[in-house]
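> Sequence and computational prediction follow.
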Number of protein chains: 2
Amino acid sequence: MHGELTPGAALTLRGVGNQFGVSMTPAREAVRRLVAEGALTLSSSGRVSTPELSQDRIEELAALRALLEPELAARALPRAHLALIDRLQTINAGIAEVVSRKDAVGYIRTNLEFHRTLYLRAQAPAMLAMIETVWLQLGPTMRALYGRLGRTEPPKHHHDILAALKAGDEPSLRLSVRTDVTQGLRLLVA
Amino acid sequence: MHGELTPGAALTLRGVGNQFGVSMTPAREAVRRLVAEGALTLSSSGRVSTPELSQDRIEELAALRALLEPELAARALPRAHLALIDRLQTINAGIAEVVSRKDAVGYIRTNLEFHRTLYLRAQAPAMLAMIETVWLQLGPTMRALYGRLGRTEPPKHHHDILAALKAGDEPSLRLSVRTDVTQGLRLLVA
DNA sequence: GCCGGGCTTTTGTGATCACATTTGCCTCAT
DNA sequence: ATGAGGCAAATGTGATCACAAAAGCCCGGC
């Protein structure tokens, strides 16, 4: 999810097992579970690797984010008190730091943490799980793309999101979340 | 997905294995995969059963259907030619039959087939996969609820969906899909 | 120099096993 | 009759193994 693996990276059951000090059986279970969620792809011969997403697939996953995340944000809005907004601001400040370190994994992790922290307030576990599987599918690709174009600025739409939260303005919140999500991926496929 | 299992039904690895003539290992893999998709729930002791959804959870899953399915229908619309509409009408006619037989599983299966046939035309595999996991999660619950109130009439909104498809009217299509989806589940929780 | 065939290694699959935990039942005491 | 305690059966877990298929590699031929 955080882009620690690049697209197309191959995994082996024995390798994963050794890496975590377990035998093949639990490694296999974990890997196949990630396959079921779309986080890993299964070749016809049973080999497992991180997905190399086509442009169409990236756009489709971006559309899913654009559909689900504004809804989650809107549901979180009535419950978003000051303590939450403060926490979001703290997380957002952390993004500047990881950006300065050119830490792609840290950037993705912190950015997703910002979104997840907000959506947790929506009290919608099924929706949150669903959007997290989308993030999972995009992980390696986001890493490859962010890494390639060496992000230098923090996500500027987070500021709009925080403003809309403070104002309690739902339409504006939906819009700023949507643009934050699509903007991030728009420049990736371009 | 089709409601062959009622909510809360317990599964055992050895049981599933015997049922399909395999050992515990593949049974375990399959079961854990379904757990990952939310189709089955894992108790704290590792026992597996079909989920008994709370009313909140049902409403959340219904909201997901209401969010995703109109989008899929809208994306299918430009590609929905007469052959497809004919096929949908055939499927829809089949619903009348299973309803008359009071066959809850057949009803759910045919209803979902109607929706899936339409959404397949959207050329959006990730979205389709996502909505299918929602259906999967709702399967046992839909069965329990449809069975309880013994459905006697075919889903009347399918007619509106077909009309909107023929007219090429996207707003009307989105609306009729949305009401078909929410209506079906609305009367369930009431 | 390059490509193809064959061999070795790697890898996934499914089965089986020992073990710890849990479940469910049965019995007995109150 | 009821509840608690204990015992036996059932269940999930993780490890290991044999096997088949796939992948990678090396060598030889053109």
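Everything's here; your move. Numbering: from 1, shown residues only, chains lettered A, B, ... in the order given.
> out of everything not next to it in sequence, what's closest to the most centrally placed residue in chain A?
For chain A, the residue nearest the mean C-alpha position is A:Trp135 (3.7 Å; C-alpha atoms, centre = their mean). Distance criterion C-beta to C-beta, 6 or more residues apart in numbering or on different chains; nearest residue to A:Trp135, sequence neighbours excluded, is A:Met1 at 5.3 Å. Glycine gets a C-beta too; all of them are placed from N, C-alpha and C.
> swap in A:Val16?
A:Val16 sits nearest to A:Ala27 (C-beta to C-beta, 6+ apart), 4.2 Å away.
> I figured the residue nearest to the centre of chain A hits A:Arg109, correct?
No. A:Trp135 lies out of contact with A:Arg109 (C-beta atoms under 8 Å); the separation is 10.5 Å.
> A:Arg32 is in what secondary structure piece?
helix A:24-36 (DSSP states H and E).
> after that helix, next one along is what?
strand A:41-42.
> tell me, how many neighbours does A:Leu53 end up with?
Burial of A:Leu53 is recorded as 21 neighbouring residues (other C-beta atoms under 10 Å in any protein chain shown).
> An error on my part: the question was meant for A:Gln89.
Neighbours around A:Gln89, by other C-beta under 10 Å: 15.
> sorry, back to before: CA atoms of the helix holding A:Arg32 as PDB?
Below are the C-alpha coordinates for helix A:24-36, written out as PDB (Å, rounded to 0.1, in the frame of the first residue of the first chain):
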ATOM      1  CA  MET A  24       5.100 -21.800   3.500                       C
ATOM      2  CA  THR A  25       1.600 -22.400   4.800                       C
ATOM      3  CA  PRO A  26       1.000 -19.000   6.500                       C
ATOM      4  CA  ALA A  27       3.000 -17.200   3.800                       C
ATOM      5  CA  ARG A  28       0.700 -18.700   1.200                       C
ATOM      6  CA  GLU A  29      -2.400 -17.800   3.100                       C
ATOM      7  CA  ALA A  30      -1.300 -14.200   3.400                       C
ATOM      8  CA  VAL A  31      -0.200 -13.900  -0.200                       C
ATOM      9  CA  ARG A  32      -3.400 -15.400  -1.500                       C
ATOM     10  CA  ARG A  33      -5.400 -13.100   0.700                       C
ATOM     11  CA  LEU A  34      -3.700 -10.100  -0.900                       C
ATOM     12  CA  VAL A  35      -4.300 -11.600  -4.300                       C
ATOM     13  CA  ALA A  36      -8.000 -11.800  -3.400                       C
END
